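Colleague: Model the following, please.
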Amino acid sequence: VDDFLDFWAPGVQYTKTALRPQGRLVRAAIVPLVADLLAARQLSGFGPHNHSRVLCSVCTALAEDVENTDPETFEPRNLQQHRAHAQAWLDAPTTFDREKLFERTGIRYTQLLRLEYWNPFLYTVVDTMHNLYLGLLQRHVRVIWGINVDIEDGDASGLTSTSVPPRPSEEKMAQGTSLLLNARAEQLRLAGKAVLYHLCLDRGIRRAGTVSQLVKNLVAWVRNTNDKLASLYGDELTPAIRAAEKTLHGAKASTALARKKKDVLQRMCAARTLDSNGSKELLARRLLAWVSRLGVFLSMMSIPTYILFQLDEEKLSDTLGNLVSYFDPTSDISEGVIRHNQEAIGRDTLDAYMEDRACMQLPSWVNAPPVAFGTKQHGKLSADQWRTLCIINLPLTLTRTWSFQEPRRVKMLENFLEVVEAIETYGLLEIDERQIADAERLMRRYLEGIKELYHGTKIQPNHHLALHIGVFLRLFGPVHSWRSFAFERFNFYLQSINTNMTFGELEMTFMMHSCRAANLRPLLRSPAVQRFMHEFSKSLSAADGDDRRGMRLDAILRSTTEDTSLPQARPFKSSRPAPLEDEVYAALLERLSLPGQDCVYMDERQFYVERPPGKRPLPRVAVLCSSIPISGVLYKPSTRAAGDGNIMFRHPLLGSNPQPGHIEKIILHTRQDTGGKDISESFIYVKRLKALNALDASLDPFRRYPTVGGRLYYRSFEDKTLVLRAWDIISHFASTTMDHLVVQVPGALDATKHHPCRISKPCVHVRPLDRVRQSCL
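Modeller: Numbers count the residues shown, from 1 in each chain. This is a model prediction of the structure:
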């Protein structure tokens, strides 16, 4: 910090530089702070993320407000007040006083505050690698859904983030129920967390969080119930009916309900479309049976109740619709489908995942997840593997399977795809304000869906922080310039160096080792070494064992500048100029004859016969190439590497929509312009996948989610060969054969009944992998 103070004011004067012999004044600042959450909080002077006062380093939200997902209500922190708290902590005379201040404010002094420009709120970024990939995605799969290879798929409604407190005695639960229905929120808190938890559990409402959050949920339930009673009874809602409704859902309903007035019980039965004839005891029994059916419903949703009675089956079909809409409109019961309430990813989904993975082709720069990611023997996944699993593999598998299952599973799928789309948008290399706003909206909708679907799952600080990522995107631009993939990789590299752990010598060891490695790599690539020591160089590279796939290398390579304005293909070592086949030559001539060309070309043979003015002959020879690097990514013919040959592209004859195809060959062709100057340009020959016809397209389940779902195409190619220039290529795509795809279609006579069906021809699933900008198929 001492050095940066000098660099900021007055600056450092260099007497001489390579470009400025007369010297130059240099000023520098340090922004932003990129680290995982624990390190970032320590360095910036904030308390840990579980401190009650500093849930967030951007806004003033407290730990008890973690379930608030409305960014409009977030109050920004005050920098002047923050510096005052930090200075007070620094000036405190004893350690005890400092701890007291820290407990009250969650703020310590940091040396970075000596920098007058330092803003700890805006410069301590939310690192997307830890927050999104190792945070949100990993937690959603492992904790919110859960993985168990030994059982069938469940619906995850019974999973909880924390241990479940033992159920209190019936006397304490009755007291809690009385407080819930009659007392204020302050008195309800006194019931204790165990009672509050089981009150929430019995009523099918969110049961995750602190005592304050449980009280908020129960108060909201009472308010919501009163609103529903008003809509159920309208002007006929009297104090007597309201009291009877409280009794119906109270702990003593089995004995107290029959003592209510008969006309009240009759009106309660009529409101639920139950038979309103009979004695008070019979009317009370019907109402209790209705609540009993609620218990069965809640049990299917993993919400046990303590009032369970036999249901009159004759009235089941009449009351089910009112039951679902009255108590939990977000829940569904699908006819004939009853799942357990534990892990959502069981052997069914894992088998489908492995089946799809075996049929998938990925480009070489993508780091594929393990074959069985849910098993202990595969250990922890890296951030890059979590990204591939949740962005590429799981959306394919879950859309193919879950999208045809019961409504709850469909909602679970759609909720997951919302966070996938938000994370994909946040990770774009080019992003604008509209896309940032869309991603923020998706993230908020995802978190609201979590609260509705998974009542036992806590909203974590990571979830709250994800709502602030847009702030840093607007400040610092696309995340690839300030996320920690490259830094974490460098940490790993430093940890792999053998040292004596002696400070003072340690730094020089790091420097010397890094310089030797940096000098050796280009030396091995030099022509002289390649000529005389090719086998040695090849063996040494093979022994290196460094995994060069994934987000780290992709970000590095995309940031490098090309030596020429146009990417140049790499010829095979033995390649020499050779004549082009007639079909290939005709396609090249067609491409160079499209409107907008600087020079008009014609068939070489025809030119030398006619010699028309204003035209140039197009040579028939070219050099066959093995690959072409575009923005640091290698594209290869499908015959050499199937995954690297699957591309998304645009072609002038096909409009502006991206098209999928595979690379047939790559050539390096030399021609002359109007002035006779040689032009060497790379061309890529592709065959386009055939699109589905209208009937088959209507059966494609992936088209419901165009941004992250991909699309089906026939597993065959158009006859016409297209010639692409380097700028026509958009990205690779993940290709998965879909021979095992079975879709569900409505019946011809009864649209509510579905039956299995297959698409008319073999298909392949196409998932674009464009990280630069978002483009839907």
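Colleague: Show me what the longest helix along the chain packs onto, helices and strands only.
Modeller: Ranked by residue count under DSSP state H, the longest helix found in the chain is helix 211-233. Packing partners of helix 211-233 (3 or more C-beta pairs under 8 Å, 6 or more residues apart in numbering; DSSP states H and E): helix 170-182, helix 185-188, helix 193-202, helix 239-248, helix 262-271. For every residue, glycine as well, the C-beta is placed using N, CA and C.
Colleague: And those helices: which comes nearest Arg444?
Modeller: Comparing these by their distance to Arg444 (C-beta to C-beta), the top pick is helix 193-202, with 23.3 Å.
Colleague: Report all helices and strands that the closest one contacts.
Modeller: helix 170-182, helix 211-233.
Colleague: relative orientation of it and helix 211-233 in degrees?
Modeller: Per axes from the mean of the first three to the mean of the last three C-alpha atoms, to 10 degrees, the angle that helix 193-202 makes with helix 211-233 is 30 degrees.
Colleague: now what about helix 193-202, what contacts it?
Modeller: Applying C-beta atoms under 8 Å, 6 or more residues apart in numbering, the contact partners of helix 193-202 are 164-168, 172-173, 175-177, 180, 188-189, 191, 206-207, 211, 214-215, 217-218, 221, 298, 303-306, 455.
Colleague: average model confidence for it?
Modeller: Summarised as a single mean, pLDDT over helix 193-202 is 91.
Colleague: same question, stretch 599-609
Modeller: Mean per-residue pLDDT for stretch 599-609: 90.
Colleague: Please list the residues outside that stretch that contact it.
Modeller: For stretch 599-609, the external contacting residues (C-beta under 8 Å, 6+ apart) are 589, 592-593, 612, 614-620, 671, 673-674.
Colleague: can you pull out the strands in the stretch 1-150 of the chain?
Modeller: Secondary structure of the stretch 1-150 of the chain (DSSP state E, counting those that start in this stretch): strands located at 12-14, 24-26.
Colleague: Redo those as CSV? Include distance to Pro706.
Modeller: Below are those laid out as CSV (distance: least, C-beta to C-beta, whole Å):
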stretch, distance to Pro706
strand 12-14, 53
strand 24-26, 49
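Colleague: Now do the longest helix of the chain and helix 262-271, the angle between them.
Modeller: 90 degrees.
Colleague: Could you give me the buried positions within helix 211-233?
Modeller: 211-218, 221-222, 225, 229, 232-233 (16 or more other C-beta atoms under 10 Å).
Colleague: Could you check the angle that helix makes with helix 170-182?
Modeller: Helix 211-233 and helix 170-182 are oriented at 60 degrees to each other (the same axes, to 10 degrees).
Colleague: gap between helix 211-233 and the chain center?
Modeller: How far helix 211-233 lies from its chain's middle: 33 Å, per C-alpha atoms, centre = their mean, to the nearest Å.
Colleague: Which residues does that helix contact?
Modeller: For helix 211-233, the surrounding residues in contact (C-beta under 8 Å, 6+ apart) are 64, 66-67, 180-181, 185, 188-189, 193, 196-197, 199-200, 203, 205-207, 209, 237, 241-242, 245, 267, 271, 326.
Colleague: at 6 Å instead, please
Modeller: Residues from elsewhere that reach helix 211-233 (C-beta atoms under 6 Å, 6 or more residues apart in numbering): 64, 67, 180, 185, 188-189, 193, 196, 199-200, 203, 205-206, 237, 245, 271.
Colleague: Report the buried residues of the top strand by length along the chain.
Modeller: Ranked by number of residues, the top strand in the chain under DSSP state E is strand 659-672. Across strand 659-672, burial judged by 16+ other C-beta under 10 Å covers 659-669, 671.
Colleague: same thing with stretch 143-155?
Modeller: The neighbour-count check on stretch 143-155 (16+ other C-beta under 10 Å) flags 143-148, 153-155 as buried.
Colleague: Endpoints of it, how far apart?
Modeller: This stretch, stretch 143-155, spans 13 Å end to end (C-alpha to C-alpha, to the nearest Å).
Colleague: Now find how far off-centre that stretch is within its chain.
Modeller: Chain-centre distance of stretch 143-155: 20 Å, with C-alpha atoms, centre = their mean.
Colleague: now what about it, what contacts it?
Modeller: Under the contact criterion C-beta under 6 Å, 6+ apart, stretch 143-155 has outside partners 156, 159, 339-350, 374-375, 408, 454, 457.
Colleague: how does it look with 8 Å?
Modeller: Residues from elsewhere that reach stretch 143-155 (C-beta under 8 Å, 6+ apart): 141, 156, 159, 161, 301-302, 339-350, 372-375, 408-409, 412, 450, 454, 457.
Colleague: Point out where the stretch 551-700 of the chain drops to low pLDDT.
Modeller: By pLDDT under 70, the low-scoring segments of the stretch 551-700 of the chain are 551-565.
Colleague: can we see that at 50?
Modeller: Applying pLDDT under 50 to the stretch 551-700 of the chain picks out residues 560-564.
Colleague: Going by residue numbers, what spans are helices in it?
Modeller: Using DSSP state H, counting those that start in this stretch, the helices found in the stretch 551-700 of the chain span residues 551-559, 582-592, 604-610, 694-699.
Colleague: quick one: contacts for Arg98?
Modeller: When contacts are counted by C-beta under 8 Å, 6+ apart, Arg98 touches 89, 92, 108.
Colleague: how much space between the last one and Gln87?
Modeller: Just to be clear, that refers to Arg108. Separation of Arg108 from Gln87 (C-beta to C-beta, to the nearest Å): 11 Å.
Colleague: For the two, work out which one has more neighbours and name it.
Modeller: Between Arg108 and Gln87, Arg108 has the larger neighbour count (other C-beta atoms under 10 Å), namely 19 against 13.
Colleague: ok, now which ones touch the more buried one?
Modeller: Arg108 sits next to 45-47, 86, 89, 98, 102 when contact means C-beta under 8 Å, 6+ apart.
Colleague: Nearest to Leu689, out of those: which one, please.
Modeller: Nearest to Leu689 among those: Phe46, at 51.4 Å, using C-beta to C-beta.
Colleague: Any idea what the closest one is bridged to?
Modeller: Residues in a beta bridge with Phe46, per DSSP bridges, are Ile107.
Colleague: residues contacting it?
Modeller: Applying C-beta under 8 Å, 6+ apart, the residues near Phe46 are 54, 57, 106-108, 120, 124.
Colleague: Just the buried ones from those, in ChimeraX syntax?
Modeller: Entered in ChimeraX, the line below selects the buried ones among the contacts of Phe46, by 16+ other C-beta under 10 Å:
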select :54,57,106,107,108,120,124
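Colleague: and the contacts of Phe46 as CSV, adding pLDDT?
Modeller: Formatted as CSV, the contacts of Phe46 follow (pLDDT from 0 to 100):
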residue, pLDDT
Val54, 93
Ser57, 94
Gly106, 95
Ile107, 96
Arg108, 96
Pro120, 95
Thr124, 95
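Colleague: hang on, the earlier thing: select from the contacts of stretch 143-155 every entry located in helices.
Modeller: Among the contacts of stretch 143-155, the members falling in helices (DSSP H) are 347-350, 408-409, 412, 450.
Colleague: and those residues, which are buried?
Modeller: Among those, those buried by neighbour count (16+ other C-beta under 10 Å) are 349-350, 408-409, 412, 450.
Colleague: and the two most separated of these?
Modeller: Maximum distance among these (C-beta to C-beta): 22.6 Å, for Leu350 and Ile450.
Colleague: Can you tell me the number of residues neighbouring Leu190?
Modeller: Burial of Leu190 is recorded as 13 neighbouring residues (other C-beta under 10 Å).
Colleague: what about the residue nearest to it when sequence neighbours are not counted, distance to Leu218?
Modeller: Distances taken as C-beta to C-beta, 6 or more residues apart in numbering place Leu179 nearest to Leu190, at 7.6 Å, with adjacent residues excluded. Computed as C-beta to C-beta, the Leu179 to Leu218 distance reads 9 Å.
Colleague: about what we covered before: which stretch in the helices and strands packed on helix 193-202 has the least confidence?
Modeller: When I compare these, helix 211-233 is least confident, with a mean of 84.
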